[in-house]
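Q: Curious how this folds, go ahead:
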Amino acid sequence: MANLRVTVYCGSSRQCRSAYLEAARRLGRELARERATLVYGGGAVGVMGALADGALDGGGHVIGVLPRFMKELEWGHSGLSELHVVRDLHERKRRMLEGADAVVALPGGSGTFEELLEAITWKRLALYMGPIVLLNTLSFFDRLVSALEHSIAERFMDPRHGEMWTVVAQPEDVVRAIHAAPPWLPEALKFASL
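A: The predicted model follows:
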């Protein structure tokens, strides 16, 4: 997995359950062990901070992408390998996804959902072709996956769209899921619209 860029979406809540923080730390360590470059939202606290700290503790290369207003609020992590300060949230999302070899979603709030759904949309439109893995700590993503499956059942998405993401239970399963993800080809654009 060396030299792969793995973009991770996750939350920054200081009040979430500790199990989410521990899973994020473990994932950070796994990515560092695999010598993958971690790209994430640049935050210092919550799941974001735990993820970055785990990767840094493991000697990993961590790139944060932080909107200018968040830097001014001092929300950025001060110990990253690289911190890219961008104009706004739109540029942050684009920069994080454009160079990604794989996308991983950890639990988070509305921003995490927005980023994940944008990655799924880009994949549906063959603009992003890599794996998307949901780390389902404490069954966090069950309802979202159910909603996506309902969208497929109601014919707003093609049944083949269900292959765009993989759900795993443990941080140690993420790398394996990235490698095992079914290929997504430009021909997917042919069934992007129903």
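
Q: got a pLDDT number for residue 101?
A: With respect to pLDDT, residue 101 has a value of 98.

Q: and it, what is it in contact with?
A: Contact analysis of residue 101 by CB atoms under 8 Å, 6 or more residues apart in numbering lists 4, 5, 6, 130. Every C-beta, even on glycine, is put in place using the N, C-alpha and C of the backbone.

Q: In JSON lines: these, plus neighbour count and distance to residue 124.
A: JSON lines is the format used below for the contacts of residue 101 (neighbours: other CB atoms under 10 Å; distance: CB to CB, whole Å):
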{"residue": "4", "neighbour count": "18", "distance to residue 124": "22"}
{"residue": "5", "neighbour count": "17", "distance to residue 124": "21"}
{"residue": "6", "neighbour count": "26", "distance to residue 124": "20"}
{"residue": "130", "neighbour count": "21", "distance to residue 124": "13"}
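
Q: Identify, from the residues you listed, the entry nearest to residue 119.
A: residue 130 (9.0 Å; CB to CB).

Q: quick one: what helix or strand has residue 175 in it?
A: helix 174-180 (DSSP states H and E).

Q: Show me what that helix is packed up against.
A: In terms of contacts (3 or more CB pairs under 8 Å, 6 or more residues apart in numbering; DSSP states H and E), helix 174-180 is packed against helix 18-33, strand 102-105, strand 132-135, strand 166-168.

Q: so how far is that helix from its chain's centroid?
A: Distance, stretch centre to chain centre, for helix 174-180: 13 Å (CA atoms, centre = their mean, to the nearest Å).

Q: ok, residues contacting it?
A: Under CB under 8 Å, 6+ apart, the answer for helix 174-180 is 1, 4, 6, 27, 30-31, 34, 36, 102, 104, 131, 133, 135, 166, 168.

Q: May I see the buried residues of it?
A: 174, 175, 177, 178 (16 or more other CB atoms under 10 Å).

Q: got it, and stretch 151-163?
A: 157, 158, 161.

Q: In three-state terms, label residue 63 for me.
A: What DSSP: H, G, I helix; E, B strand; the rest coil gives for residue 63 is strand.

Q: Isn't it up against residue 80?
A: Yes: here residue 63 reaches residue 80: they are 6.9 Å apart, a contact under CB atoms under 8 Å.

Q: tell me the helices in the protein, going along the chain?
A: For the chain, applying DSSP state H gives helices covering 18-33, 46-57, 68-72, 89-98, 110-124, 142-153, 174-180.

Q: that older thread, and the helix holding residue 175, average pLDDT?
A: Across helix 174-180, the average pLDDT comes to 97.

Q: export that helix as PDB, just CAs?
A: The C-alpha coordinates for helix 174-180 follow below in PDB (Å, rounded to 0.1, in the frame of the first residue of the first chain):
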ATOM      1  CA  VAL A 174      -9.900  -1.200   6.200                       C
ATOM      2  CA  VAL A 175      -6.600  -1.900   4.300                       C
ATOM      3  CA  ARG A 176      -7.800  -5.300   3.300                       C
ATOM      4  CA  ALA A 177     -11.100  -3.800   2.100                       C
ATOM      5  CA  ILE A 178      -9.300  -1.200   0.000                       C
ATOM      6  CA  HIS A 179      -7.300  -4.000  -1.700                       C
ATOM      7  CA  ALA A 180     -10.400  -6.200  -2.200                       C
END
